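Student: Curious how this folds, go ahead:
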Amino acid sequence: MKNKFWIHTVLASVLILPVGATTAFSHDELGGSAEKGENLSGSELVAPILEGSKNVSNLKEIAAVPLKELKEGVKNSTADVYAHKGFAYLGTHSANGGAGGVRVFDMKNPSTPVEVSSFAAIEGTWQEKVIVKTVDTPGFKGDLAVVSVQQLDRNNPNTKGGFVLYDVTNPKEPKELGFWESPSLARGTHELYLTVQEDNIYVLTADCYADYYSHGENMDVSFVDVTNPTTPETIYEFNPREYIPEVSDENYDGYNWTDEEGIKRTAFAHSVKTDGNGTTAYLSYWDLGTIILDISDAKNPTYLGRTDFGSTVQGAAHSMDLAKGGNVLVETREVFGPIRDGFETSYGYTMIYDIKDKTAPKLLSTFKTDFTEKVPGGSTVHDPKVHGNTLYLSHYSGGVRVVDITDASNPVETGSYIPSKSNIWGVFVNRNYVLASDMGSGLKVLQKSGSPKAINE
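Tutor: Okay, the predicted model is just below:
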């Protein structure tokens, strides 16, 4: 890295104590293509590693806050992180029986976040993903939160998977509005997205393996109308066999897919997102890449195109974000198993596409980072977040990586943050701050410029 300097001087010798791995549900839990793996906790550091170029010269950790115990003696692990109107929302993972719900932090003083409430703590489930938006429709006016709900045991008849909706207009007193149950035999909704089209509110869901477990009776992706949050209504399910020429009943069973070159792969929906207008949907569909749909008519989407991989590349399209006014797609590929016969040897990395023509995405560049010298064991990229011309990547034991994508065909790492025992699941970018969820230790707040101010979206 050119012009790299230490913000905190930390020598390689501080990497003194390897820490055990933390197993987690999600991703490719069926493990058919060797992508199944464990979250790798990094090593114990004397201080966080914080490096950067002049573009992130003020980046520093200003807060590290553990979660409260909802039950005495039970420590929940964090999942994704989101921020809205001066409050941070942390989902929780499956550790120690799950049921950690969503934790709400008042970020009025970002250096001392205060956990002020929790919601959606449902026994026998875990709540990874939370999205919050301000909406104003005939059915609801205020701040609406949607939370994914996944069963710890999909065969447990006393639990249900899907998503739950809350009124968080007052984040200190969340109010439950409605629940949508996944119409499948899968665990429930893994990732989701909340989007608004004028007077209509929709939740897009990724219910991993719904297609496979139900033998095609239900699909992995559902569009749900939540314009009235008390009565969610499914309006559409996406079936890749109906849209994608390379997919049919003959070569796809909802999970196992043989591509046009005869290569055995896996394909299932892992994540969903829309553009800012809510009219284009992006489905992260593992080895089918990122599938792009025009959803101007949410009940009748139009297939536009999808990203693709070389024959030696493990697919594993995990999640995405947009850059350059929606003309560039950043796709992260989660691969825990770097060695697989017939494929390149690599942990998961980032691929960047030109999508000005959404019917024909064009690969512009790839971004890999090698931090195995600092963090034994290596790891894979997880989630991307774009803020202007800067890309922030959560990287498990690799912490948070900061990448300049001013020239999307030539991404350049400009900074990194690796806390002690790093296991960074999610990242959320604010104007002056970066929020990171560390699975083992809670909420991390990084100041990237200026003097401390309240976090606002």
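
Student: Tell me the buried residues in stretch 382-395?
Tutor: 382, 383, 384, 385, 386, 387, 390, 391, 392, 393, 394, 395 (16 or more other Cβ atoms under 10 Å). Glycine gets a C-beta too; all of them are placed from N, C-alpha and C.

Student: ok, and what's touching that stretch?
Tutor: Stretch 382-395 is contacted by residues 55, 80, 318-323, 330-332, 334, 350, 367, 369, 371, 379-381, 396, 400-406, 411, 414, 424-429, 434, 436-437 when judged by Cβ atoms under 8 Å, 6 or more residues apart in numbering.

Student: circling back to that earlier point, just the buried residues of stretch 382-395 now: which is nearest residue 235?
Tutor: residue 383 (27.2 Å; Cβ to Cβ).

Student: Kindly present the buried residues of stretch 382-395 as CSV, with separate columns for pLDDT, distance to residue 66 and secondary structure.
Tutor: Shown next, in CSV, are the buried residues of stretch 382-395 (pLDDT from 0 to 100; distance: Cβ to Cβ, whole Å; DSSP: H, G, I helix; E, B strand; the rest coil):
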residue, pLDDT, distance to residue 66, secondary structure
382, 94, 21, coil
383, 96, 21, coil
384, 98, 26, strand
385, 97, 23, strand
386, 97, 29, strand
387, 95, 26, strand
390, 95, 28, strand
391, 96, 28, strand
392, 96, 22, strand
393, 95, 24, strand
394, 95, 18, strand
395, 91, 21, coil
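
Student: still on that earlier bit, out of the contacts of stretch 382-395, which are buried?
Tutor: Those of the contacts of stretch 382-395 that meet the buried threshold are 55, 80, 318-323, 330-332, 334, 350, 367, 369, 371, 379-381, 396, 400-405, 411, 414, 424-429, 434, 436-437, by 16+ other Cβ under 10 Å.

Student: Sort out which of those are in strands and list them.
Tutor: 80, 318-323, 330-332, 350, 367, 400-404, 414, 424-429, 434, 436-437 (DSSP state E).

Student: For the protein, which residues score under the pLDDT cut-off?
Tutor: 1-27, 31-59, 370-378, 449-457 (pLDDT under 70).

Student: what's the longest strand in it?
Tutor: strand 141-151.

Student: Now find how far off-centre that strand is within its chain.
Tutor: Averaging C-alpha positions (Cα atoms, centre = their mean, to the nearest Å) puts strand 141-151 15 Å from its chain's average.

Student: Quick one: name whatever helix or strand follows that strand.
Tutor: Sequence-wise, the next helix or strand downstream of strand 141-151 (DSSP states H and E) is strand 162-167.

Student: what does the following helix or strand past that following strand contact?
Tutor: Sequence-wise, the next helix or strand downstream of strand 162-167 (DSSP H and E) is strand 175-181. Residues outside strand 175-181 that contact it (Cβ under 8 Å, 6+ apart): 119-120, 140, 144, 149, 160-167, 203, 205, 224, 226, 229-232, 234.

Student: just the buried members of the residues you listed?
Tutor: 119-120, 140, 144, 149, 160-167, 203, 205, 224, 226, 229, 232, 234.

Student: Angles on the backbone of the nearest residue to residue 418 once chain neighbours are set aside, please.
Tutor: The shortest distance from residue 418 to any residue that is not its chain neighbour, by Cβ to Cβ, 6 or more residues apart in numbering, is 3.5 Å, and that residue is residue 399. For residue 399, the backbone dihedrals are phi 70, psi -140 (criterion: degrees, to the nearest 10).

Student: Against residue 311, how distant is residue 399?
Tutor: Per Cβ to Cβ, to the nearest Å, residue 399 is found 32 Å from residue 311.

Student: Comparing those two, which residue is more hemmed in?
Tutor: More crowded of residue 399 and residue 311, by other Cβ atoms under 10 Å: residue 399, with 27 against 11.

Student: wait, isn't that one in contact with residue 424?
Tutor: Yes - with contact defined as Cβ atoms under 8 Å, residue 399 counts as touching residue 424 (5.4 Å).

Student: which residues do these two both contact?
Tutor: Residues touching both residue 399 and residue 424 (Cβ under 8 Å, 6+ apart): residue 436.

Student: In contact with residue 359, which residues?
Tutor: If you count contacts by Cβ under 8 Å, 6+ apart, residue 359 has them with 304, 305.

Student: For it, which three-state class applies?
Tutor: When classified by DSSP: H, G, I helix; E, B strand; the rest coil, residue 359 comes out as coil.

Student: and it, how far is that from residue 294?
Tutor: The gap separating residue 359 from residue 294 is 10 Å, by Cβ to Cβ.
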